[in-house]
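Novice: Got a sequence here, can you model it:
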Amino acid sequence: MSDREIDQQLVERIQSGDKQAFGLLVSKYQRKLHRLIARLVRDPAEVEDLTQETFIKAYRALASFRGESAFYTWLYRIGINTAKNHLAAQVRRIPASVGIDSGEMEGIEGAERLRDFDTPERQLMTRQIALTVDEALAGLPDELREAITLRELEGLSYEDIASTMDCPIGTVRSRIFRAREAIAARLRPLLGTRADERW
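Specialist: Numbers count the residues shown, from 1 in each chain. Down below sits the predicted model:
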């Protein structure tokens, strides 16, 4: 049975009055949703609240969930909208590091160059690269940051990203390409790559 089918069964149990089934969905997606919202908001004090708010909104809206998309796609869309609404309501943003760890870097193209931790020089270079990627991500427009985060860090398919972001797949591809190009431009001086190379 696929994850989507398992999620759909849990949703149906919740819709039939089994409140404990929702706890299983929360356990399954809390960490990923928290990480997603942290990429968008980056204020740790707010991320916890927004993650809880997303689950509350999802629980209240579950009666209308029909399974036309995967549960996690639907949940992520609620999370993104909740984060966007929060940011729109803020008078000013407090900048903070996005904080990619080396485990998450594995999803990023060219990460094999970052896996050699044998020397202090390589460790320093890895930290500098991670900081540069953090800064590049933080500087991206929201729609580019959301698209690249969902693809490279959350591992969603283009179809799921399109559904989550409520836009055509072509738009998703364009946003991911532009985000990758912006990150590559910031990494070129560190990696010594040419302009025609991505990493």
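
Novice: Could you pull out the helices in the chain for me?
Specialist: 3-15, 20-41, 44-61, 71-89, 102-105, 120-139, 142-148, 158-165, 169-191 (DSSP state H).

Novice: Against which helices or strands is the fourth one packed?
Specialist: Read that as helix 71-89. If contacts are counted by 3 or more C-beta pairs under 8 Å, 6 or more residues apart in numbering; DSSP states H and E, helix 71-89 sits against helix 3-15, helix 20-41, helix 44-61, helix 142-148, helix 158-165. For glycine as for every other residue, the C-beta is placed from the backbone atoms N, C-alpha and C.

Novice: May I see the ones you listed organised as TSV, with mean neighbour count, mean pLDDT and distance to residue 173 added?
Specialist: Formatted as TSV, these follow (neighbours: other C-beta atoms under 10 Å; pLDDT from 0 to 100; distance: least, C-beta to C-beta, whole Å):
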stretch	mean neighbour count	mean pLDDT	distance to residue 173
helix 3-15	16	91	23
helix 20-41	18	91	20
helix 44-61	16	92	26
helix 142-148	21	90	9
helix 158-165	20	89	6
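
Novice: The ones you listed: which one's closest to residue 127?
Specialist: With C-beta to C-beta as the criterion, residue 127 lies closest to helix 20-41 of these, at 19.3 Å.

Novice: what packs against that closest one?
Specialist: helix 3-15, helix 44-61, helix 71-89, helix 142-148.

Novice: what's the angle from that helix to helix 44-61?
Specialist: Going by axes from the mean of the first three to the mean of the last three C-alpha atoms, to 10 degrees, helix 20-41 is angled at 140 degrees with respect to helix 44-61.

Novice: Now do helix 20-41 against helix 71-89, angle only.
Specialist: Note on geometry: by the same axes, to 10 degrees, helix 20-41 and helix 71-89 are set 50 degrees apart in direction.

Novice: Could you list the alpha-carbon positions for helix 20-41 in CSV?
Specialist: Extracted C-alpha coordinates of helix 20-41, given in CSV (Å, rounded to 0.1, in the frame of the first residue of the first chain):
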residue,chain,number,x,y,z
GLN,A,20,-6.5,9.5,17.1
ALA,A,21,-5.8,8.9,13.4
PHE,A,22,-5.0,12.6,13.1
GLY,A,23,-2.2,12.2,15.6
LEU,A,24,-0.6,9.6,13.2
LEU,A,25,-0.7,12.1,10.4
VAL,A,26,0.8,14.8,12.7
SER,A,27,3.6,12.4,13.8
LYS,A,28,4.3,11.6,10.1
TYR,A,29,4.5,15.1,8.8
GLN,A,30,5.3,17.4,11.7
ARG,A,31,9.1,17.4,11.1
LYS,A,32,8.8,18.0,7.4
LEU,A,33,6.1,20.7,7.7
HIS,A,34,8.2,22.4,10.4
ARG,A,35,11.2,22.4,8.2
LEU,A,36,9.2,23.7,5.2
ILE,A,37,7.8,26.6,7.3
ALA,A,38,11.2,27.3,8.7
ARG,A,39,12.5,27.8,5.2
LEU,A,40,9.9,30.5,4.6
VAL,A,41,9.6,32.3,7.9
